[in-house]
Every structure is written in C-alpha cells, then in structure tokens.
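Asks: Curious how this folds, go ahead:
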Amino acid sequence: PEPTMIARGFGTAAVLMLLVVTLFVIARVIGGYTIAKREKARERRARMLAALRSSSVRLANWATVVGAHIATLANWVWGRVTLVPGILARQAAKIRQRAAEPARTPPLTRPPTTVVVPEIRRSSNKRARKRARDRGISFDEYLDQFPGTKSVAPPKSGDDPSSSKKPESGDA
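Replies: Alright, predicted model coming up:
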C-alpha cells in the first residue's frame, strides 16, 4: 500500500470515530435520563404524592375540628341572640315602672359656713423675688428652699387687734 492510502485510511477512521462519538452524545441528549435517574425521579414523585396525601388528610381533620368549633360557636351565639328580646322586654318594663314612680329630687345641701382662705406669703426682700424669678421657680418654692429669707404673712382674720404689730419709728 502506498503512504497516501494509509493516510486516507487513518483520516477516514478518525472521521468515523468522531461521527460515532457525536451520534452517541446526540442520542444521550435525546434519550434523556438513565434508568437510575428515572428510578430516583419516580421515588421522589411517590414521596411528594404521599406527603400531599398525608397533608390533605391532616388538613381535612383540621377543617373538621374547626368546623365543629364554628358550629359550637354559632349555636352559642344563636342562644344569646334568642335571649335578646326577653332582656329588652325586661328593660322596657323597668323603664315603664320608673316612669310611673314619682320623681325623686336629691336633698338640698347647705352652703359651707366657714371659708378657708389660703395663706399668702409676701417678701419685703426684692432681691429674693428676683432670685426666685431667675431660677424659674415660684416665689413660695424659693422661700421653702431658703427659709432664712424674709417673708411677711398677712394677718389672719381671727387674730385679736391687741396683738397687732406696733409701727416702727420710720413709719408714719
């Protein structure tokens, strides 16, 4: 054989081998799953179907229980609704009975005989008032915090006139 014929033979063999591999790949893609993959898919579908059945059974049981509770609640509400006319009739009877009774007026109260007047403290110290204003508190609070500050209380109405203060020498 000539060398060109040998080269053609090897080239033809290579092309045929490439054609066979290509056809096997195409067959594999078209054929899809292997037997093992098909079995796994079948088992997975069976598990999903069993889970769906069991969940549907659980859902049906739950719906039955909830339905029973709703029926019980509806019976209870209906029992209360049927009581409403009797309750309304009793309330109307009470209202009619109260309307038939003479009106009761509350007893009159006497006005208080004594009036309590709060004690007002005033200071003769203008500086103390200014300090109280600067601190942002009321003057009474300032006097409570600093008891040494001069404050003058107005005379009480119950005091006797003999105990009144004598005017100082500077006052007229």
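
Asks: How many residues are close by Tyr33?
Replies: Residues near Tyr33, counting by other CB atoms under 10 Å, number 10. Where you see a C-beta, it was placed from the backbone N, CA and C, and this is true even at glycine.

Asks: burial count for Leu143?
Replies: Leu143 has 20 neighbours, counted by other CB under 10 Å.

Asks: And the pLDDT at it?
Replies: If you check Leu143, the pLDDT there is 71.

Asks: Quick check: phi and psi at Trp78.
Replies: With angles defined as degrees, to the nearest 10, Trp78 sits at phi -60, psi -40.

Asks: for the chain, what helix or strand is lowest in average pLDDT?
Replies: The helix or strand of the chain with the lowest confidence, counting by mean pLDDT, DSSP states H and E, is helix 126-135 at a mean of 67.

Asks: Which helix or strand lies directly C-terminal to that one?
Replies: helix 139-145 (DSSP states H and E).

Asks: Which strands and helices lie in contact with that following helix?
Replies: On a contact count with 3 or more CB pairs under 8 Å, 6 or more residues apart in numbering; DSSP states H and E, helix 139-145 meets helix 126-135.

Asks: In a helix, Arg58, correct?
Replies: Yes - Arg58 sits within a helix when classified using DSSP: H, G, I helix; E, B strand; the rest coil.
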